[in-house]
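**Student:** Predicted structure and sequence below. I'll ask about it afterward.
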Amino acid sequence: MLELFNQIEEACQFIRGHWNQVPHAGIILGTGLGPLVEQIEAEATIDYEQIPHFPKSTAVSHRGRLVCGNLCGLPVMVMEGRFHMYEGYPLKKITLPVRVMRHLGAQLLIVSNAAGGMNPYFDCGDIVVIDDHINLMGDNPLIGINDDRLGPRFPDMCAPYDHVLINKAMEIARSNNIVAHKGVFVAVAGPNLETRAEYRFLRAIGADVVGMSTVPEVIVAVHCGLRTIGFSVVTDMCLPDALEPANVAKIIATANAAEPSLRSLVMGVLDFEFQRLNTDNK
Amino acid sequence: MSEFDCAGQVDQSIEFVRRHCSIQPRAAIVLGSGLGGLATEIEHSVSIPYADIPFFPTVSAVGHAGNLILGQLAGVNVVAMQGRVHRYEGYSNDQVAFPATCMLQLGARTLIVTNAAGGLNPRFRRCDVMAIDQHMHWLWNQQNQLRDVECNVGVRSSKSCVTSQPDVRVARSNSPYTENLIQAATESALRSGRILHRGTYLSTLGPTYETRAEYRMFRAMGADAVGMSTTPEVLAATRLRVSVLGLSVITNVASTDLPQSTTHEEVVDSSLQAEPLLKSIIGDVVRDLVQA
């Protein structure tokens, strides 16, 4: 397991060969949320295929490249296309890019995903600022020998998502007339969507939205010391007493329609980070 | 690896142990995180490092020494595991249960398991001890094939083993945990002026501690304590129809409303503080075994 450290080094070296800035934030874009990338003053675009040890993307609507550049005055690395456990990747592979971001100097991880809404007060197209999560994937990216150079054996998870940024995101939503809720995200393995009984169970255990990603990346972010903020776009409502068959095209369309709102939140958070950095430096 | 091979591995391990010590243990004890000091109570002891025993997994977790100890406790022959391995180290349930299975195959008819666990029941306090009377085994065996390939050089694979089949059902009338052992432990604690809790232990993969949402979920499910071990050994004991006593040291009481971080140092510290009580309970219970 100690070879993971070397893999991270090799991936970083390769990326540094194409881009030599120290990123402030790493951003992982979920299903249908790719257009944010157009806002970036891109300095380097690297296909995952080229980067040593990076997994290769296969899901529909996920591109498969790393876009490095500036956004809101801050150097960022954006993953356009992410990896899922249901594709068969080991969690250590899926989360390697997060470790690479950290190794290159990132302080913050911004994750987004498309999720099923279970809280009946939510609606399609709403944004959920993830306040907490439940891991029901049946696996954990930290299982194995712990390399103390990367992080502690038993990371505490009492607050995986940065509460200052959560509050800031809610404030930005209010100012921009965006419907956003704080909520609990539950991660399942997938790839099937859930049964009604499963939705009732997930709701009963306290989850507001459900998805098939994100939690492994967040666990690794906590492990390696990255602050995290996560956003879910509610792409379909999963109310067990009125459940409709899922329509993938509709889900992607909803994600696309919500994308401008998500983009405002992400850029608002980055603006806030930029201001914080510049105030601290005075 | 076939079932036959796993049983073969157990036989080889036991043969090695018997060459070093021929005592027939009456009870087997698993000493969990921070509880390894209990081993000092064992008299006339022989200590064998796991590293020497064929097919025993190597221990890497802090607070786990990694020795098999045979000797006498309260005048009774016992075998004890000073340290265990966990799923979060990359082992499968079979591998985790392997040392305990060997102890039981040495002839022990009672298994005493200890662990450090996060308290979910708001009645619990740090350093309290809980007798386990039910468990929820959330140590899903998923991704094992990948894990054996990916992680842990030197871990021997035992893909299918007589000890661990995912859907063996315990007869509904029998909990894996033996009621009269819980009684004996309760009475022992009272004699020390302490109250022994009882409750449901839930095992999760770890190694992360739980999020607050996960604590709430576990509480809602009815778990009283949560940890990252124990159930594989208990399930192995159940299949071998061995009596089981489980004792959890409550190392922190999960705060679902106030973010309060947990550290491994706190966990080990709570275990050390509960050690005297555990020593006396285990001593009394073991002593009673031969008097029964």
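**Tutor:** It's in.

**Student:** In space, what's closest to residue 261 - neighbours in sequence excluded?
**Tutor:** Since no chain was named, I'll use chain A. residue A:178 (4.5 Å; CB to CB, 6 or more residues apart in numbering or on different chains). For glycine as for every other residue, the C-beta is placed from the backbone atoms N, C-alpha and C.

**Student:** hmm, I had chain B in mind actually
**Tutor:** residue A:156 (4.0 Å).

**Student:** part of a helix, is the one you found?
**Tutor:** No: counting by DSSP: H, G, I helix; E, B strand; the rest coil, residue A:156 falls outside a helix, being coil.

**Student:** Any regions of chain A where pLDDT drops low?
**Tutor:** A:1, A:32, A:57-63, A:281-282 (pLDDT under 70).

**Student:** can you map out the strands along it?
**Tutor:** All strands of chain A, identified by DSSP state E, fall at A:25-29, A:41-47, A:65-71, A:74-80, A:108-117, A:127-136, A:180-188, A:209-211, A:227-237.

**Student:** wait, doesn't the residue nearest to residue A:261 sit right on residue A:265?
**Tutor:** Yes: between residue A:178 and residue A:265 there is a contact at 6.9 Å, judged by CB atoms under 8 Å.

**Student:** Pick out whichever of the two has more residues nearby.
**Tutor:** residue A:265 (24 against 20; other CB atoms under 10 Å in any protein chain shown).

**Student:** Residue B:130: what secondary structure?
**Tutor:** strand.

**Student:** What are the phi and psi values at the closest residue to it other than its chain neighbours?
**Tutor:** Using CB to CB, 6+ apart and skipping residues adjacent in sequence, the residue nearest residue B:130 is residue B:197, 4.1 Å away. When read as degrees, to the nearest 10, the backbone of residue B:197 gives phi -80, psi 170.

**Student:** ok, back up a step: Provide a list of residues in contact with the residue nearest to residue B:261.
**Tutor:** Residues near residue A:156 by CB atoms under 8 Å, 6 or more residues apart in numbering or on different chains: A:222, B:208-209, B:261-263.

**Student:** do the same with residue A:77
**Tutor:** A:15, A:23, A:25-27, A:66-68, A:101, A:104, A:106.

**Student:** Swap in 6 Å and give it another go.
**Tutor:** For residue A:77, the contact set (CB atoms under 6 Å, 6 or more residues apart in numbering or on different chains) comprises A:23, A:26, A:68, A:101.

**Student:** Check residue A:269 too.
**Tutor:** Contacts of residue A:269 (CB under 6 Å, 6+ apart): A:165, A:169.

**Student:** Pull up the gap between it and residue A:160, please.
**Tutor:** 16 Å (CB to CB, to the nearest Å).

**Student:** Pass me the low-pLDDT residue ranges in the stretch 101-250 of chain B, would you?
**Tutor:** For the stretch 101-250 of chain B, the stretches with pLDDT under 70 are B:142-174.

**Student:** need the strands for it, in chain order.
**Tutor:** B:110-119, B:129-137, B:197-203, B:225-227, B:243-253 (DSSP state E, counting those that start in this stretch).

**Student:** Just give me how far the third one sits from the chain centre.
**Tutor:** Its chain's C-alpha centre lies 13 Å from the corresponding centre of strand B:197-203 when counted by CA atoms, centre = their mean, to the nearest Å.

**Student:** That strand to strand B:110-119, inter-axis angle?
**Tutor:** 80 degrees (axes from the mean of the first three to the mean of the last three CA atoms, to 10 degrees).

**Student:** Buried subset of the contacts of residue A:77, written for ChimeraX?
**Tutor:** In ChimeraX syntax, the buried subset of those is picked out as below (16 or more other CB atoms under 10 Å in any protein chain shown):
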select /A:23,26,68,101
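
**Student:** Redo the contacts of residue A:77 as a markdown table? Include distance to residue A:258.
**Tutor:** Listed next are the contacts of residue A:77 as a markdown table, based on distance: CB to CB, whole Å:
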| residue | distance to residue A:258 |
| --- | --- |
| A:23 | 25 |
| A:26 | 22 |
| A:68 | 25 |
| A:101 | 25 |
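
**Student:** Closest to residue A:124 out of the contacts of residue A:77?
**Tutor:** Of all those, residue A:26 has the smallest distance to residue A:124: 28.2 Å, by CB to CB.

**Student:** isn't the closest one right up against residue A:102?
**Tutor:** No: checked against CB atoms under 6 Å, the pair residue A:26 and residue A:102 is beyond contact range at 7.8 Å.

**Student:** From chain B, how far off is the most centrally placed residue in chain A?
**Tutor:** The residue lying closest to the centre of chain A (CA atoms, centre = their mean) is residue A:111, at 2.1 Å. Distance, residue A:111 to chain B, using CB to the nearest CB, to the nearest Å: 15 Å.

**Student:** List the beta-bridge partners for that residue.
**Tutor:** Beta bridges link residue A:111 to residue A:28, residue A:230, judged by DSSP bridges.

**Student:** Enumerate every residue touching it.
**Tutor:** A:28, A:214, A:217, A:230.

**Student:** Look up how far chain B lies from residue A:146.
**Tutor:** 7 Å.

**Student:** So what's the residue count around the nearest residue to that residue once chain neighbours are set aside?
**Tutor:** Nearest non-adjacent residue to residue A:146, counting by CB to CB, 6+ apart: residue A:153, 4.4 Å away. Look at residue A:153: counted by other CB under 10 Å, it has 19 neighbours.

**Student:** Same check on the one 5 residues further on?
**Tutor:** One way to gauge burial is a neighbour count; for residue A:158, by other CB under 10 Å, it gives 18.

**Student:** quick one: it from residue A:116, how far?
**Tutor:** From residue A:158 to residue A:116 the distance is 26 Å (CB to CB).

**Student:** Likewise for residue A:197?
**Tutor:** Counting by CB to CB - residue A:197 and residue A:116 are separated by 15 Å.

**Student:** more neighbours, the two?
**Tutor:** Using other CB under 10 Å as the criterion, residue A:197 and residue A:116 rank with residue A:116 on top: 26 against 9.

**Student:** Near chain B, which residues of chain A are found?
**Tutor:** For chain A, the residues in contact with chain B (CB under 6 Å from any CB of the partner chain) are A:1, A:90, A:132-134, A:138-140, A:142-144, A:153-159, A:184, A:205-206, A:219.

**Student:** re earlier: test my guess that the residue nearest to residue A:146 contacts residue A:144.
**Tutor:** No: Residue A:153 lies out of contact with residue A:144 (CB under 6 Å); the separation is 10.8 Å.

**Student:** Write out the residues of the stretch 151-292 of chain B neighbouring chain A.
**Tutor:** Going by CB under 6 Å from any CB, the residues of the stretch 151-292 of chain B near chain A are B:151, B:205, B:207-209, B:211-214, B:216-217, B:220, B:259-262, B:264.

**Student:** Is there a quick PyMOL command that grabs whichever of these are buried?
**Tutor:** Selection of buried members from those for PyMOL, criterion 16+ other CB under 10 Å:
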select buried, chain B and resi 151+205+207+208+209+211+212+213+214+216+217+262+264
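
**Student:** mind listing the helices for chain A?
**Tutor:** A:3-18, A:91-94, A:96-104, A:163-175, A:196-204, A:215-224, A:248-280 (DSSP state H).

**Student:** Residue A:17: neighbouring residues, count only.
**Tutor:** Count around residue A:17 with other CB under 10 Å applied: 10.

**Student:** Apologies, that question was intended for residue B:76.
**Tutor:** That count, for residue B:76 with other CB under 10 Å as the rule, works out to 19.

**Student:** do you know how far it is from chain A?
**Tutor:** Residue B:76 sits 35 Å away from chain A, going by CB to the nearest CB.

**Student:** mind checking how far that residue is from residue B:285?
**Tutor:** Residue B:76 is 10 Å from residue B:285, by CB to CB.

**Student:** same check, this time on residue B:212
**Tutor:** Distance from residue B:212 to residue B:285, by CB to CB: 36 Å.

**Student:** partner residues bridging residue B:111?
**Tutor:** Here residue B:111, judged by DSSP bridges, has bridge partners residue B:28, residue B:244.

**Student:** contacting residues for it?
**Tutor:** Contacts of residue B:111 by CB under 6 Å, 6+ apart are B:28, B:237, B:242, B:244.
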